[in-house]
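> Got a sequence here, can you build the structure:
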Amino acid sequence: NYYHPILMNIMENNFKWPISNNCDISVSKNVLWEAISDPFKLEIIKPHPYLKSYNIITWNENDKVDELVYLNERKIIRTFSNWDEGNGYSLYTKDEEGKQTKVVWEISSIDSNKSNLKITLFMPYLQKYPLFVRWVPHFLFLRPQMKKYLNSVVNGFKHTILTGEPTKRNQFGKHRWFSQ
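Residues are numbered from 1 along each chain as shown. Alright, predicted model coming up:
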């Protein structure tokens, strides 16, 4: 188990201020699900603008764990915790410093040829501080940086799904935490 159970409980039950981004994509929900759920497609279709490499650690019906290596060599281990076939999944990330984040990927159908991809982050890094202390760094620094990241990720998937072309590195702008 990669994750601290007390921290997981905080993320799931007591977390404030999740950070989300979403985009509509002109494909069916099934096509979108295939793009976000097949671990081999991350390496083949390259939809992620900050991803240098992708490694599957284990991938079967019961356990799904992979590793993302960003352009700046930062490594993230992702452990999938809830797999809702055709609708989305939840996972926990852990970086080299031990920072953990809950991530929820959700897809919904707008109509037969249009779907929505939404990614939500639950980042507990500031939760241990009083509200008046954590408000400023969360809303002035953490939230804008992660909204930029999520915007690039959802638009990377949109670009790749619609064009069939890989997303270029930093295609939607460089990011201070994930670019070179």
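> From here on, just use CA atoms for contacts and neighbour counts.
Noted.
> Now for Arg74, how many residues are close by?
Per other CA atoms under 10 Å, the neighbour tally for Arg74 reads 17.
> That one and Ser53: what is the separation?
11 Å (CA to CA, to the nearest Å).
> quick one: buried residues of the longest helix belonging to the chain?
The longest helix of the chain (DSSP state H) is helix 143-163. Buried residues in helix 143-163, counted by 16 or more other CA atoms under 10 Å: 143, 146-147, 149-161.
> Could you do stretch 87-97 as well?
Neighbour-count burial for stretch 87-97 flags Asn87, Gly88, Tyr89, Ser90, Leu91, Tyr92, Thr93, Lys94 (criterion: 16+ other CA under 10 Å).
> Show the residue spans covered by the strands in the protein.
19-25, 51-59, 64-70, 75-84, 88-95, 100-111, 114-122 (DSSP state E).
> Now those in CSV, please, with extra columns for distance to His175.
Output for the strands of the chain, formatted as CSV (distance: least, CA to CA, whole Å):
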stretch, distance to His175
strand 19-25, 16
strand 51-59, 12
strand 64-70, 11
strand 75-84, 15
strand 88-95, 17
strand 100-111, 18
strand 114-122, 17
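> right, and the ones you listed - which one's nearest Ser179?
Nearest of the strands of the chain to Ser179, taken as CA to CA: strand 64-70 at 7.1 Å.
> Quick one: list the elements packing against that closest one.
Contact partners of strand 64-70 among helices and strands, from 3 or more CA pairs under 8 Å, 6 or more residues apart in numbering; DSSP states H and E: strand 51-59, strand 75-84.
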